[in-house]
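>>> coords please:
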Amino acid sequence: MEFTLKRNAQIVAILLLAAVVTQAVYTFMYINMSEVSRLFLWQIEAVIFVLVTAFAGAGLAQTKAHHLAWSAIAFAGALNVVQVGIGLTQFGPFFEAAGAVEGAMPAAMSVVAYSFMVYNAAKMLLALALIVLGMAKLGAGSKLLGGLSAAVGAVAFITNALSMSLGRDFSGELPLAGGSGVLATVLLAVCLLSLGDED
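Residues are numbered from 1 along each chain as shown. Okay, the predicted model is just below:
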């Protein structure tokens with residue numbers, strides 16, 4: 001099998017959509033089945049993002065026009081591996097220690113805050129990739145997809161930048177950063193599915 005730019009774009013798009021599905025399932029389980037372990041979803045996401053990093057890196061080497069977008073996707077994949085890794089390996093020990101040692105809870109919460117900071121940084125990169133591809137679609141005459149992608153990408157970039165720098169509670173109860181980031185990921189996948197080898 002030859003991994004052309006088009007094929008790599010399709011694979012990355014499918015992987016990003018798979019990540020959106022795991023996040024939706026995680027959110028549903030968090031709200032409705034809080035007593036059920038969700039670690040297996042993080043394990044799946046870790047594998048997904050390792051593959052995103054590899055295939056987006058290949059796309060970066062192959063593309064002729066969208067280097068910034070492919071670079072952003074590849075590094076977003078790598079950051080997501082770090083973020084998921086923090087959850088899988090650090091949350092348990094730190095919260096166990098916080099339950100056993102008085103005064104250790106701030107340390108546990110700092111690990112959570114760091115995890116979310118990395119999460120928001122990764123979403124910023126995916127949003128940046130969407131802005132780049134959305135502008136390219138606009139330039140190619142695809143006003144609906146291009147305009148929607150650029151607009152959603154800008155909102156996701158800004159809200160995740162604010163969440164990263166000000167803390168994840170900057171918008172109160174409104175899930176602006178997470179919601180716009182998920183929508184940006186879906187639109188990014190749609191844009192990638194429409195790329196050809198000439199892109």
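>>> Excluding chain neighbours, what is closest to the residue most central in space within the chain?
Geometric centre of the chain, nearest residue: K123, 4.5 Å, by CA atoms, centre = their mean. Spatially, and ignoring its direct neighbours in sequence, K123 is nearest to G181 (3.7 Å; CB to CB, 6 or more residues apart in numbering). For every residue, glycine as well, the C-beta is placed using N, CA and C.
>>> Pretty sure the one you found sits against N160.
Yes. Applying CB atoms under 8 Å, one finds G181 in contact with N160, separated by 5.7 Å.
>>> Check what pLDDT the residue nearest to K123 gets.
Looking at G181, its pLDDT is 93.
>>> returning to what we had before: for the residue nearest to the centre of the chain, what are its contacts?
A76, A156, N160, A177, G178, G181, A184, T185 (CB atoms under 8 Å, 6 or more residues apart in numbering).
>>> how near is it to L188?
Distance from K123 to L188, counting by CB to CB, to the nearest Å: 11 Å.
>>> What sits closest to A161 if chain neighbours are left out?
Excluding the flanking residues, the one nearest A161 by CB to CB, 6+ apart is M124, at 5.7 Å.
>>> any idea which element the one you found lies in?
Assigned by DSSP states H and E, M124 falls within helix 105-139.
>>> Can you give the distance of that helix from its chain's centre?
6 Å (CA atoms, centre = their mean, to the nearest Å).
>>> wait, doesn't Q62 sit right on A9?
No. The pair Q62 / A9 is not scored as a contact, 9.3 Å apart, by CB under 8 Å.
>>> Tell me which of these two has more neighbours.
Each of Q62 and A9 has its neighbours counted (other CB atoms under 10 Å); A9 has more, 29 against 17.
>>> relative to helix 105-139, how tilted is the helix or strand containing that one?
Assigned by DSSP H and E, A9 falls within helix 5-32. Orientation check (axes from the mean of the first three to the mean of the last three CA atoms, to 10 degrees): helix 5-32 against helix 105-139 gives 140 degrees.
>>> What residues sit buried inside the helix or strand bottoming out on mean pLDDT in the chain?
Every helix and strand in the chain was compared by mean pLDDT, DSSP states H and E; the lowest is helix 91-100, with a mean of 87. Buried residues in helix 91-100, counted by 16 or more other CB atoms under 10 Å: F91, F94, F95, A98.
>>> how much space is there between the residue nearest to K123 and S110?
Distance, G181 to S110, using CB to CB: 22 Å.
>>> between these two, who's got more neighbours?
Set G181 next to S110 and count neighbours by other CB under 10 Å: G181 wins out with 26 against 11.
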